[in-house]
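Undergrad: Generate a structure from the sequence data that follows.
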Amino acid sequence: MPKRVDPDLRREQVADAVIDEIDAHGLRTVTLARIAARSGLAVGSIRHYFGDTLGEVMRFTLSTLIRRAVNRNPRLSGDPATRIADVITFVAPTNEQERKENAALLEYRVMARTDPALAAEVAATASATMAAIRSLLVEALPPGSIEEEALDREVLHLHSLVEGFSFSAGLSPRPLREEDVRAVAEAAVHRVLRSYAPARDGDEAVP
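TA: Model prediction:
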């Protein structure tokens, strides 16, 4: 009796082969033949799971990269301010597998600039990250302590840390150090909280 193959595991295996190929040679070098060589599967097997086009493989790999990045935060704190630092830290690539996945995702993001089919999914992920940061920041700050325009700027600032860590890691052969990422994230969050904390009696007004 032939051994049954889990199709989801097989598709993940193909996605990992695409990620390795992008990390080694860039996104535009990916072909079904190269994926087959890296995964150990026949081209026919890849077509069995994804159809007859490379595009479906590439779209699945992008969704896999986004899913893995989003699900990289298993230890979120109960405190909203700490959770912002958690989100920034856990999204940053701090081990070798995450570094490879981040490098591949960056290449997809560059291609999405001129590819509408990819642009929508990439933009939706960025919007969701900013919305999460915004919600946590509103929860962490005292009610009424920040105006909408200032809130928008602070969310943009904190989200720029996520983007900055991603691009920085994408230009490095090594993953980032988690302790460094967390220290920077915590300092940024604490700066926001101090800026909008209620004034206490005896505090000098900032000119």
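Undergrad: now the host helix or strand of residue 67, how far from the chain's geometric center?
TA: Per DSSP states H and E: residue 67 is located in helix 54-70. Averaging C-alpha positions (Cα atoms, centre = their mean, to the nearest Å) puts helix 54-70 12 Å from its chain's average.
Undergrad: where does the chain have low pLDDT?
TA: By pLDDT under 70, the low-scoring segments of the chain are 1-3, 73-74, 199-207.
Undergrad: So which residues of it form helices?
TA: 7-25, 32-39, 43-50, 54-70, 80-91, 96-112, 116-140, 148-170, 178-195 (DSSP state H).
Undergrad: hey, C-alpha coordinates of the last one in CSV?
TA: Just to be clear, that refers to helix 178-195. Taking Å, rounded to 0.1, in the frame of the first residue of the first chain, the C-alpha atoms of helix 178-195 are listed here in CSV:
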residue,chain,number,x,y,z
GLU,A,178,16.9,39.6,20.4
GLU,A,179,18.2,41.4,23.4
ASP,A,180,19.3,44.4,21.3
VAL,A,181,15.9,44.5,19.5
ARG,A,182,14.0,44.4,22.7
ALA,A,183,16.1,47.1,24.4
VAL,A,184,15.5,49.4,21.4
ALA,A,185,11.7,48.6,21.3
GLU,A,186,11.3,49.1,25.1
ALA,A,187,13.1,52.4,25.0
ALA,A,188,10.9,53.6,22.1
VAL,A,189,7.7,52.6,24.0
HIS,A,190,8.8,54.2,27.2
ARG,A,191,9.6,57.4,25.4
VAL,A,192,6.0,57.5,24.1
LEU,A,193,4.5,56.8,27.5
ARG,A,194,6.6,59.5,29.2
SER,A,195,5.7,62.1,26.5
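Undergrad: hang on, the earlier thing: save the helices of the chain as JSON lines, and put in mean neighbour count too.
TA: For glycine as for every other residue, the C-beta is placed from the backbone atoms N, C-alpha and C. Output for the helices of the chain, formatted as JSON lines (neighbours: other Cβ atoms under 10 Å):
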{"stretch": "helix 7-25", "mean neighbour count": "17"}
{"stretch": "helix 32-39", "mean neighbour count": "17"}
{"stretch": "helix 43-50", "mean neighbour count": "16"}
{"stretch": "helix 54-70", "mean neighbour count": "18"}
{"stretch": "helix 80-91", "mean neighbour count": "22"}
{"stretch": "helix 96-112", "mean neighbour count": "19"}
{"stretch": "helix 116-140", "mean neighbour count": "15"}
{"stretch": "helix 148-170", "mean neighbour count": "16"}
{"stretch": "helix 178-195", "mean neighbour count": "16"}
